[in-house]
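Here you go, sequence then predicted model.
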Number of protein chains: 2
Amino acid sequence: MMKKQSYKVDILSVAKVAGVSAATVSRVMNHPELVNPTTLKKVERAIRKTGYVRNRAAQMIHGRRSATLGLVVPTVNYSIFAELVQSFNDTVADLGFTLVLATHGYDLTAEYKVLRKLLEHRVDGIALVGLDHSDDTYRLLASQDVPVVAAWSYSRSSRISCIGSDNREAGRLAADHLLALGHRRIGLVFPPTHENDRARGRLEAVELALHGAGIEIPDAWRVRSPYSVAHAKSVCHDLLRAHEGITGLICGNDIIAQGALSSAMQLGLRIPQDLSIVGIGDFAGSADMYPALSTVQIPAQQIGMQAGEYLVACIAHSDPQEIVRQKIKVDLKPRATTGPAVSG
Amino acid sequence: MMKKQSYKVDILSVAKVAGVSAATVSRVMNHPELVNPTTLKKVERAIRKTGYVRNRAAQMIHGRRSATLGLVVPTVNYSIFAELVQSFNDTVADLGFTLVLATHGYDLTAEYKVLRKLLEHRVDGIALVGLDHSDDTYRLLASQDVPVVAAWSYSRSSRISCIGSDNREAGRLAADHLLALGHRRIGLVFPPTHENDRARGRLEAVELALHGAGIEIPDAWRVRSPYSVAHAKSVCHDLLRAHEGITGLICGNDIIAQGALSSAMQLGLRIPQDLSIVGIGDFAGSADMYPALSTVQIPAQQIGMQAGEYLVACIAHSDPQEIVRQKIKVDLKPRATTGPAVSG
DNA sequence: AACAGTATTGCAAACGTTTTCATAAAATCA
DNA sequence: TGATTTTATGAAAACGTTTGCAATACTGTT
């Protein structure tokens, strides 16, 4: 019954078909309680007949909300931010919002550009990952009065609202875990910390904890790897081959840990007897790997949900934007990849 | 230099600051070659000073494109569609489009609803996953004249354009691989195939191949698992415990295979000596697991890229929408989780 | 100096909605 | 029955852009 040739079906064509005015059609869609049941039926039939789909752009131009929310993540590769994206999306979709997604590949200049695009589309709110952003970005956000939240990271002095975990605490937990198990010869596998407050916070805290325990790590035991299983596997392979004394590995996140684990097993190391590995993140699947990955949980799902709820609440109240800072608890999940150090 | 209190900075306020008309400001943004260099500078300064961000909704209402593309995937959990989303996004972002993402959790009724939302936002093109969609969905797509592509699946008789792989072929490759290695006692771990043409095609082809080899599989060896590592691990655990004769497992995708692998190792089975496992998908990370997962590659990255390019091309040409069907080659990746069957 | 041609700009209409206001019809009440 | 309230509807203005057309200001030519 739907028109095949619906070149341009707007509210007016529907009105014509239904024999009413455009205003009435609009009311049917937005305030159905105001229109006579008989007319309502008539109009609804016309809507179905014409295949009318309402034009958000046109209604947005009237000062209405766009009903979209922007989410900017570094990447959607692997499952690093998968749970965050999914739970954020589920949360806001239930509340009537559509997700506009952008990625920047850990490049804050790129982030600024995609942010601008989101603002051009007049998203009703914005969620970013972390607290490292360019000055341009912060300025832009300050100049627009759109609700913003930094997900994933927590800092009590953030310039914008944040809902996330304390990455330093996460790093400390990971380090303390290995220390408590008696490890003293520990390798560090982290991504570049430039423009990445999550990685930086974790690494700094790890170094601090190790230092506090009187441990000095040779530079050769600190290696870089981007968040890629293959890359991490390769650098860990080299590291473990060259420095057999290492009994523990602290990884920047679970993806790196996964690569580390893979390389270790390939080298014939027994986990955790010969080598302990701890990750950070507790991504989907980490608990069900074999051996199950010891890691520090960052409750991505909860963060995504709360970030979504926060933005929607801001929008609903048109609040005078008070900065909110919410710390989501991190939690050590000791599993099968860590065990007592055997004295070397 | 940016206004803090930018209540409503529209093209007119910029015009006022620059001392020109709104038309000129518009031209600066859209056809800078038409405006006098001096004026251009003046206007650009005013834009910066006011912190103006152009309103896509308002320009869209003029028949211009929204510069957004809709992507509907079942889920963003795990890395199932991660590569697809990422490469689609990268491709279209480079071409000036912003991604509007929606998920439906493998529920085609939900899919229809999110699709409507995307159309309300007047996305310039739409990419869906697979070819199973509700009649409502197909009708809606036919009634709007927006470019559409079904990514991931290929069928020579699809109702809409498709760019993807032949899932039957993928299933056949997986089955033939185990058969060639001499396996005859094979377990099948697949998700529900209702409303999921990818899973259905794979499973049907697997059953056909096994049947063709004269193998009858007891019903107890066919188990269901959603695409979740934890769930797959649990059902595989039960399956492998109850039926020790099984020498090979064909999994609906790599996520299930990951769970299967984990459960098998936990049970102390040697891979591949005691049990061979083959997945489908070759997700990011599958090659770098330990042991490396044997699987059938579905080139997600290529699919995402080509789907993006196809949509953008449609939009650019405003073509009379000829249906395009592109088959992306699947490829068996025999790795470490499969080996010759030992006669039981 | 008059003219034609070109470059630059502004005016105003248009896009598809929502919403205020006014009006007409119906229902209620005395 | 007439007055009053309630309900249902339409006309038109408004939103922030883009763009066709007209107007003006230059340029160069004779």
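Thanks, I have it. Nothing here was measured: the structure is a model prediction, and the numbers come from that model.

And residue A:327, its phi and psi?
phi -100, psi 120 (degrees, to the nearest 10).

my read: it touches residue A:153, true?
No: the pair residue A:327 and residue A:153 does not pass the contact test of Cβ atoms under 8 Å, sitting 10.1 Å apart. C-beta coordinates here come from the backbone N, C-alpha and C atoms, glycine included.

And the residue of the stretch 201-344 of chain A closest to DNA strand D?
residue A:318 (15.7 Å; Cβ to the nearest atom of the strand).

Give me the below-cutoff pLDDT ranges for chain A.
Counting by pLDDT under 70, the low-confidence segments of chain A come to A:1-7, A:319-321, A:343-344.

again, only using 50
A:1-6, A:344 (pLDDT under 50).

contacting residues around the longest helix along it?
The longest helix of chain A (DSSP state H) is helix A:300-317. Helix A:300-317 is contacted by residues A:65, A:69, A:81, A:83-92, A:95, A:97, A:124-127, A:147, A:149, A:151-152, A:161, A:163-165, A:281, A:283, A:319, A:321, A:324, A:326, A:328 when judged by Cβ atoms under 8 Å, 6 or more residues apart in numbering or on different chains.

How about stretch A:54-65?
Contacts for stretch A:54-65 (Cβ under 8 Å, 6+ apart): A:10-11, A:29, A:66-67, A:122, A:124, A:315, B:55-58, B:60-61, B:66, B:120-122.

switch to 7 Å and redo it
For stretch A:54-65, the external contacting residues (Cβ atoms under 7 Å, 6 or more residues apart in numbering or on different chains) are A:29, A:66-67, A:122, A:124, A:315, B:57-58, B:60-61, B:66, B:120-122.

I'd say residue A:80 and residue A:254 touch.
No: counting by Cβ atoms under 7 Å, no contact exists between residue A:80 and residue A:254, whose distance comes to 8.0 Å.

neighbour count winner among these two?
residue A:254 (30 against 23; other Cβ atoms under 10 Å in any protein chain shown).

And that one, how close does it get to residue A:289?
9 Å (Cβ to Cβ, to the nearest Å).

Residue A:84 now?
20 Å.

swap in residue A:234?
19 Å.

and if you look at residue A:310?
Taking Cβ to Cβ, one finds residue A:310 at 32 Å from residue A:289.

Between the two, which is the more surrounded one?
residue A:289 (28 against 22).

Let me see the contact set for the more buried one.
With Cβ under 7 Å, 6+ apart, residue A:289 has these contacts: residue B:262.

ditto for residue A:21
residue A:15.

Next: residue A:253.
Contacts of residue A:253 by Cβ under 7 Å, 6+ apart are A:80, A:227, A:279-281.

Backbone dihedrals for it, please?
Dihedral angles for residue A:253 - degrees, to the nearest 10 - are phi -160, psi -180.

same thing with residue A:243?
phi -130, psi 90.

all strands of chain A, in order?
A:68-73, A:98-103, A:125-129, A:148-153, A:162-165, A:186-190, A:222-224, A:248-251, A:276-281, A:294-297, A:325-327, A:331-333 (DSSP state E).

neighbouring contacts of the third one?
Contacts of strand A:125-129 with the rest of the structure, by Cβ under 7 Å, 6+ apart, involve A:69-74, A:81, A:88, A:118, A:146-152, A:307, A:311, A:314-315.

hmm, 8 Å instead?
A:69-74, A:81, A:84, A:88, A:111, A:115, A:118-119, A:141, A:146-153, A:307-308, A:311-312, A:314-315.

report the angle between the axes of that strand and strand A:148-153?
Strand A:125-129 and strand A:148-153 are oriented at 30 degrees to each other (axes from the mean of the first three to the mean of the last three Cα atoms, to 10 degrees).

cool, and the first one?
Counting by the same axes, to 10 degrees, strand A:68-73 lies at 40 degrees to strand A:148-153.

Residues contacting strand A:68-73, please?
A:81, A:84-85, A:88-89, A:92, A:97-104, A:111, A:114-115, A:118-119, A:121-129, A:308, A:311-312, B:100, B:121.

6 Å instead?
Contact with strand A:68-73 is made by A:81, A:88, A:92, A:97-103, A:118, A:123, A:125-129, A:311, as judged by Cβ atoms under 6 Å, 6 or more residues apart in numbering or on different chains.

and the residue of the stretch 151-300 of chain A found nearest DNA strand D, how many residues sit next to it?
In the stretch 151-300 of chain A, no residue comes nearer to DNA strand D than residue A:160, which is 24.0 Å away by Cβ to the nearest atom of the strand. A count of nearby residues for residue A:160, using other Cβ under 10 Å, gives 20.

Could you do residue A:23 as well?
11.

Residue A:145 now?
15.

Next, work out how far apart it and residue B:98 are.
21 Å.

How about residue A:136?
From residue A:136 to residue B:98 the distance is 19 Å (Cβ to Cβ).

the more surrounded of those two?
Set side by side, residue A:136 and residue B:98 show more neighbours around residue B:98, with 23 against 15, by other Cβ under 10 Å.

picking that back up, could you dump the contacts of residue A:253 to a markdown table with distance to residue A:210?
What follows is the contacts of residue A:253, written out as a markdown table (distance: Cβ to Cβ, whole Å):
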| residue | distance to residue A:210 |
| --- | --- |
| A:80 | 25 |
| A:227 | 22 |
| A:279 | 17 |
| A:280 | 15 |
| A:281 | 20 |
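
Can you tell me which of those residues are buried?
Burial by neighbour count, judged by 16 or more other Cβ atoms under 10 Å in any protein chain shown, picks out A:80, A:227, A:279-281 from those.

so residue A:297 touches residue A:331, yeah?
Yes: the pair residue A:297 / residue A:331 is scored as a contact, 4.5 Å apart, by Cβ atoms under 6 Å.

And those two? Which one has more around it.
Using other Cβ under 10 Å as the criterion, residue A:297 and residue A:331 rank with residue A:297 on top: 21 against 14.

Quick check: the gap between the residue nearest to the more buried one when sequence neighbours are not counted and residue A:330.
Computed as Cβ to Cβ, 6 or more residues apart in numbering or on different chains, the closest residue to residue A:297 that is not its neighbour in sequence is residue A:282, at 3.8 Å. Relative to residue A:330, residue A:282 is positioned 9 Å away (Cβ to Cβ).

again, but for residue A:100
From residue A:100 to residue A:330 the distance is 29 Å (Cβ to Cβ).

how about residue A:292, what does it touch?
Residue A:292 makes contacts with A:335-336, as judged by Cβ under 6 Å, 6+ apart.

Dihedrals phi and psi, it?
phi -60, psi 130.

Also residue A:131?
phi -120, psi 0.

How many neighbouring residues does it have?
21.

That one is in contact with residue A:151, isn't it?
No: between residue A:131 and residue A:151 there is no contact under Cβ under 6 Å: 10.0 Å.

Quick check: neighbours shared by the two?
With Cβ under 6 Å, 6+ apart, residue A:131 and residue A:151 have no common neighbours.

Report how many residues lie close to residue A:306.
Other residues close to residue A:306 by other Cβ under 10 Å number 21.

Over to residue A:13?
Quick note: residue A:13 (other Cβ under 10 Å) scores 18 neighbours.

which residue packs closest to it, ignoring adjacent ones?
residue A:50 is the one closest to residue A:13 (Cβ to Cβ, 6+ apart), at 5.9 Å.

What separation is there between that neighbour and residue B:160?
If you go by Cβ to Cβ, the gap between residue A:50 and residue B:160 works out to 22 Å.

Likewise for residue A:236?
From residue A:236 to residue B:160 the distance is 45 Å (Cβ to Cβ).

again, but for residue A:15
On the measure of Cβ to Cβ, residue A:15 and residue B:160 end up 31 Å apart.

residues in contact with residue A:277?
A:249, A:257, A:260-261, A:337.

hey, what's it bridged with?
Here residue A:277 sits in beta bridges with residue A:249, going by DSSP bridges.
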